[in-house]
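# can't give you the sequence, but here's the structure:
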């Protein structure tokens, strides 16, 4: 179910957020070039969805991004990651296109997550989904015992 679609000042969609009710996760589909302002705006919208739907898993699809978003990684580390963790995020699958510059920004984010939640980077969205399903199942099993 589509939760929100964010558009740039030129009217181009840069982020579409979906709630996957079956799998109980938020799916973020980023596209085009994202300025630091758009990264912040989009990330806060993702955080709102995590809080609203009370999900522990996120699927972040960056395969359609153009360019790096390095300028935003400090803000993500200092602001978004602690808030997402506090909201209950435990597993974050980050899907990248290895041939784009955005993949390097994702690697930088991974080093900054540390142990606040599990994050893995994938090149294949189906592998990312499989990992999230297994992680969610494992979390559910651990909380039931």
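Everything's here; your move. Keep in mind that this is a model prediction, so the values were computed, not measured.
# only C-alpha atoms for contact and neighbour calcs from this point on.
Will do.
# Can you name the secondary structure element that comes next after the helix or strand bottoming out on mean pLDDT in the chain?
Ranked by mean pLDDT, DSSP states H and E, the weakest helix or strand in the chain is helix 102-113, scoring a mean of 55. For helix 102-113, the succeeding helix or strand toward the C-terminus, using DSSP states H and E, is strand 118-122.
# mean confidence for that following strand?
Across strand 118-122, pLDDT averages out at 87.
# and that strand, which strands flank it?
strand 91-95 (parallel) (DSSP bridges).
# Return the distance of the strand it pairs with from the chain's centre.
6 Å (C-alpha atoms, centre = their mean, to the nearest Å).
# What segments of this protein are helices?
36-53, 73-75, 81-86, 102-113, 125-144 (DSSP state H).
# Comparing those helices by mean pLDDT, which bottoms out?
When I compare the helices of the chain, helix 102-113 is least confident, with a mean of 55.
# Need the pLDDT of residue 1.
94.
# isn't residue 42 right up against residue 15?
Yes: in this structure residue 42 lies within contact range of residue 15 using C-alpha atoms under 8 Å: 6.6 Å.
# Return the residues in contact with residue 4.
16-18, 45 (C-alpha atoms under 8 Å, 6 or more residues apart in numbering).
# typo on my end, residue 11
With contacts defined as C-alpha under 8 Å, 6+ apart, residue 11 has no neighbours.
# Dihedrals phi and psi, it?
phi 90, psi 0 (degrees, to the nearest 10).
# begin at 193 from here
Fine by me, first position is 193 from now on; the one you just mentioned is residue 203.
# Pick out the residue closest to the middle of the protein.
The centroid of the chain falls nearest to residue 252 when counting by C-alpha atoms, centre = their mean (3.4 Å).
# Mind listing what's buried along stretch 225-233?
225-227, 230-232 (16 or more other C-alpha atoms under 10 Å).
# Overlap in contacts, residue 234 and residue 207.
In contact with both residue 234 and residue 207: residue 198, using C-alpha under 8 Å, 6+ apart.
# These two: which is more packed in?
The neighbour comparison of residue 234 against residue 207 (other C-alpha atoms under 10 Å) goes to residue 207, with 27 against 23.
# burial count for the residue nearest to that one when sequence neighbours are not counted?
Spatial nearest neighbour of residue 207, excluding adjacent residues (C-alpha to C-alpha, 6 or more residues apart in numbering): residue 222 at 4.4 Å. Neighbour count of residue 222, defined by other C-alpha under 10 Å: 22.
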